Each structure stands twice: as C-alpha cells, then as structure tokens.
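S.K.: what follows is a predicted protein model with its sequence.
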Amino acid sequence: MLRPFAVSGALFALAAIAFGAFGAHAVAGAVTPERLEVWNTAAHYLGWQGAGLLALAALCLNAELPARARRLLRVGGWLLIGGTLVFSGSLVVLVLSGIGLLGAITPFGGVAMLLGWGLAAAALLHLPARGD
C-alpha cells in the first residue's frame, strides 16, 4: 500500500529539484518575475509533498496498521498525490502557457492536499502506542 506513496514522494522530490533548476536557468529569462514566483511555488510544494510522502511511508512501513488506519492512509495518500499533481501541475502549465484561468484549478489541489494530510494525521492517531 505504501509503495506508490514512497515512489511518488521520490518522484516529486526529483521533480522539485529539476523544476527549481529549470526555473532558475530557463524560465527566469522567459517570464515575468511574478510568473517566476508562481513557478517557484510549484517547485516548492512538490518538494514539501515529496518529503512528506516519503516520511509518511517510512513511518508506517513497519507499523502494524489497524484496518481503519490503512483505509485512512490509502485515501489520504492518494489525495496527497492527486492534490500535488493538480496544485503544482496547474501552476507549471499556467506559467508555461500564460493561461490565467488555470489558476482557478490550483485551489482544488490545495484542498486535496489539506484533506490528505488531515486523513494521514487521523490514520497516525490509530497506530499502536510504542512507549509514548
């Protein structure tokens, strides 16, 4: 169950580094400073979500998860992945295409990420206590 989340986390981290470098060297000279800031926000969120997904997968890798926690993590993890793709993806396409309407899609990704982290927190509350 956690493999897709760990792999997505690693790929998001990879993309964050690539987008950061591409933004600094190729995008910076081709767009306005405001659009470059939007690009950097997309890369920034990719990096944070990547690190978060990797940490979540690592925390839960060896834990015996109750069924409820597994369900919450499964839904939460997919919301994190989908939300990140929508959030950062819409910002990247907005910068590259100049279609401002894409900014209206971005908040849906943000809400999905919020819900995903909320469900992840709820799942972690169901983990068995180990010497708290």
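M.R.: Okay, I see it.

S.K.: pLDDT score for residue 62?
M.R.: Per-residue confidence (pLDDT) for residue 62: 67.

S.K.: scratch that, residue 1
M.R.: 66.

S.K.: state the distance from residue 59 to residue 32.
M.R.: Taking CB to CB, to the nearest Å as the measure, residue 59 falls 40 Å from residue 32. In short, each C-beta sits where N, CA and C put it, glycine included.

S.K.: more neighbours: these two, which one.
M.R.: residue 59 (13 against 10; other CB atoms under 10 Å).

S.K.: identify the residue nearest the more buried one in space, chain neighbours excluded?
M.R.: In space, and not counting its chain neighbours, residue 59 is closest to residue 124: 7.3 Å by CB to CB, 6 or more residues apart in numbering.

S.K.: that neighbour: which element?
M.R.: If you go by DSSP states H and E, residue 124 is part of helix 106-125.

S.K.: max-length helix in the chain?
M.R.: Ranked by number of residues, the top helix in the chain under DSSP state H is helix 67-97.

S.K.: would you mark the buried spots in it?
M.R.: Across helix 67-97, burial judged by 16 or more other CB atoms under 10 Å covers 69, 72-92, 94-95.

S.K.: many thanks, have a good one.
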